[in-house]
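What shape does this take:
(chains A and B)
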Amino acid sequence: MEQAFQALLEEWRGVKGNVIPLLQKTQDIYGYLPEEAMRRIAGATGKTASEIYGVATFYAQFRFTPMGKHVMKVCHGTACHVQGADSLDTVVESRLGVAPGNNTPDGRFTIERVACLGCCSLAPVVMIDGEVYGRLTGDKLGKIVAGIGDEK
Amino acid sequence: MSARAEVAVGMSSCGIASGARGVFQALAADVASSGLSCDVVETGCIGACHAEPLVEVRQADGKKFLYGNVDEAGAKSIVESHLRDGVPVTKYLIPEDYAYLSRQTRIILTNCGVIDPESIDQYIARDGYAALRKALTSMTPEAVIEEVKKSGLRGRGGAGFSTGMKWTFARDSKSATGRKYIVCNADEGDPGAFMNRSVLEGDPHAVLEGMLICAYAIGATEGYIYARAEYPLAIKRLQIALRQLEEHHLVGEAILGTAFSFTLHIKEGAGAFVCGEETALMNSIEGQRGMPRLRPPFPAVRGLWDSPTNINNVETYANIPHILLMGSGEFAKIGTEKSKGTKVFALAGKIKRGGMVEVPMGISLREVIFDIGGGIQGDRKFKAVQMGGPSGGCVPESMVDLKIDYDSLSASGAIMGSGGMVVMDESTCMVDVARYFLSFVQSESCGKCTFCRIGTKRMLEILTRITEGKGEEKDIADLEDLAMKVKVSSLCGLGQTSPNPVLTTLRYFRAEYDDHIRNHRCEAKKCKALIRYHVTTEACTGCMLCARVCPTKAARGERKKAHTIDQDACIRCGLCFEACRFDAIEITTGKEMV
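Numbering: from 1, shown residues only, chains lettered A, B, ... in the order given. From the prediction side, this is the model:
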């Protein structure tokens, strides 16, 4: 990881507008933005650490704690909202024991609330590890979550 | 067209989410094992998202058959019956006169669901890059702009400003840095909208061609596409398309042997709704927090890296090649006097047939919702349609004959926006919808302007209170007062338009607000604090389904005996109501509530 990060800093050195791509690719490497990495990005881009932190905290994509093994995004777009996305939150919370915005204590799941995944015709939807599941009911989602919980 | 038969599978995000990959693999395997002379190919969004996965059989004789809701069994019968024996499979067949598709006018979507979006050759075979060639080899930049002006094209991103005028400003602007930029705004952040995603996934080259023509017209040498990170497939296809442009020398130095040179970059957004605002977007490209800048100076004068910059939306750029090829005169024949061309809408919500819809401007809401969309799910009563996302508004059922054009929509309090159309029925609470949008803009406010930052928070608190049955008479006046203050005291479009969902629901659904405040009643039976779930003893069969799905064990009872719901334990999530197959769960509100 260290090697990949070092190569990344070199690759983007001096490129205009490099801060956000650097943060994105750093998160791809580590799964989140470690403080030390942000300090080194500051050094490599000639910005202050606070400027880098200011940019990182502005955008919803960046995380400052490690991710769970599985990432579940519960969509709360308009179509999902009118089709009952709130009850999906309830199902997730009752099955996994944590509300959206958190990691499960065992680190297996990260649950996020997202604004819109753009699959509105299939509402309500969730995205688990990049796969979209659509036309959900509470019961269907419960079974999907249980299925993922089973495999190790 | 090839003389071989082809089977195309719609592989957009919606298709894949509905199982298109499995269908594609099943088709490929069945075709291979049967030894038929036929290609199984990928295509983009065919548009009928409600019937995904979609498969189109293109016979060697040119005839086409569209299949919907295809599963692996369906794939097998399409191969065995249609491809081998020549007998179409009626069970999955979508009729040729299917109103959802036959009532559309497809210009922007002309290639979507037809070509393989990852093949530049297929794009070129359908007149792709012919408009660029025409512009570069036979038109001056001024003539290109004149043509765009004459077409009457207005920005498809929201505000509806004349595209030709915008280009003129950027062209006429003197650059202090010696550079000019163009940007494509593909940060489709409106919840409930997915038109740009489908165009980028289904026909990425059309957008790139529009950008190249724009760059030539205004004299830009570098451009950016700023795409939402939430759209990984769109970004992947853009990257493929850009690589193909490099291979075909359609970007870089001396494009098509002319003096025109252009470099293009793809920028991934990082998740901030406000970056859909053009000056915030430019800050984001520069690597800063995506906060709007004071205008003037406008981007056309001083934009990206202090250079004149032209920003347009995905769909605006996608219109350009068509305008140059069909001619501004032909283009201007479509639509109304002040709104020319077509508009792509993302039809979703409580609609029977949702998906991508492209219609001429001036069509009525009724035609889109009922003729194309097939009406409301379960034939329930149509209540309103939300247009324009958080900056737009809810148009009520009484205005269903409203014509869809920029000016009629603005007069209604909604906006054209980027084209999200979320249909609502009687089970949608309009106060809850207003609260939903306020909660969205409140969390997406960048925080620069006080009224947007704090005013929306106060408005959200009031709306939350009303949905909890704690509203007071003076809340409405406070909402209206705050709404006006947020409108006039915010720097950017996000803040200025953020009260619109509240103002339109107050204008058309005032009685619902009053009902919540005075009678603690939510007619749509949506607001949790104002409803109770009960089991109707006569209808309950004791199947225990409600008890199984209830997260708090509030629904309980013995097998084959009527169940009950413990009101103290019930969190009113509605899972029992959704699960019950015997309509044995009833919801009460207001005075009936016990």
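
And for residue B:257, the neighbour number?
Counted with other C-beta atoms under 10 Å in any protein chain shown, residues neighbouring residue B:257 total 9. Backbone N, C-alpha and C define where each C-beta goes, glycine included.

ok, it to chain A distance?
To chain A, residue B:257 is 29 Å away according to C-beta to the nearest C-beta, to the nearest Å.

now do residue B:261
Distance, residue B:261 to chain A, by C-beta to the nearest C-beta: 18 Å.

and what of residue B:33?
Residue B:33 is 27 Å from chain A, by C-beta to the nearest C-beta.

doesn't residue A:110 fall inside a strand?
Yes - when DSSP: H, G, I helix; E, B strand; the rest coil is applied, residue A:110 is found to be in a strand.

Now name the helix or strand holding the residue nearest to residue B:403 when sequence neighbours are not counted.
In space, and not counting its chain neighbours, residue B:403 is closest to residue B:362: 5.3 Å by C-beta to C-beta, 6 or more residues apart in numbering or on different chains. Remark: residue B:362 resides in no helix or strand, with elements defined by DSSP states H and E.

now do residue B:212
Residue-wise, residue B:212 maps onto helix B:204-218 under DSSP H and E.

show me the residues around the residue nearest to residue B:403 that make contact.
B:335, B:336, B:339, B:403, B:404, B:405 (C-beta atoms under 8 Å, 6 or more residues apart in numbering or on different chains).

what does the helix or strand containing residue B:547 contact?
Per DSSP H and E: residue B:547 is located in helix B:545-549. Helix B:545-549 has contacts (C-beta under 8 Å, 6+ apart) with A:138-139, A:142, B:535, B:553, B:555-557, B:563, B:565, B:575-576, B:578-581, B:585.

Can you mark which positions in the helix holding residue B:212 are buried?
B:204-218 (16 or more other C-beta atoms under 10 Å in any protein chain shown).

tell me the average confidence for that helix?
Throughout helix B:204-218, pLDDT has a mean value of 98.

Off-centre distance for it?
Here helix B:204-218 is found 22 Å from its chain centre; the criterion is C-alpha atoms, centre = their mean, to the nearest Å.

immediately after that helix, which helix or strand?
Later in the chain than helix B:204-218, the nearest helix or strand by DSSP H and E is strand B:222-227.

related to what we said a few turns ago, parallel or antiparallel, which strands does whichever helix or strand comes after the helix holding residue B:547 pair with?
Under the assignment DSSP H and E, the closest C-terminal helix or strand after helix B:545-549 is strand B:555-556. Paired strands of strand B:555-556, with direction, are strand B:564-565 (antiparallel) (DSSP bridges).

to the chain's geometric centre, what's the distance from the strand it pairs with?
For strand B:564-565, the distance to the chain centre is 41 Å (C-alpha atoms, centre = their mean).

ok, residues contacting that strand?
By C-beta under 8 Å, 6+ apart, strand B:564-565 touches B:533, B:534, B:535, B:546, B:554, B:555, B:556, B:557, B:576, B:585.

For the lowest-mean-pLDDT helix or strand in chain A, buried residues please.
Least confident helix or strand, chain A: helix A:138-150 with a mean of 85, by mean pLDDT, DSSP states H and E. By neighbour count with 16+ other C-beta under 10 Å, helix A:138-150 contains the buried residues A:138, A:141, A:142, A:144, A:145.
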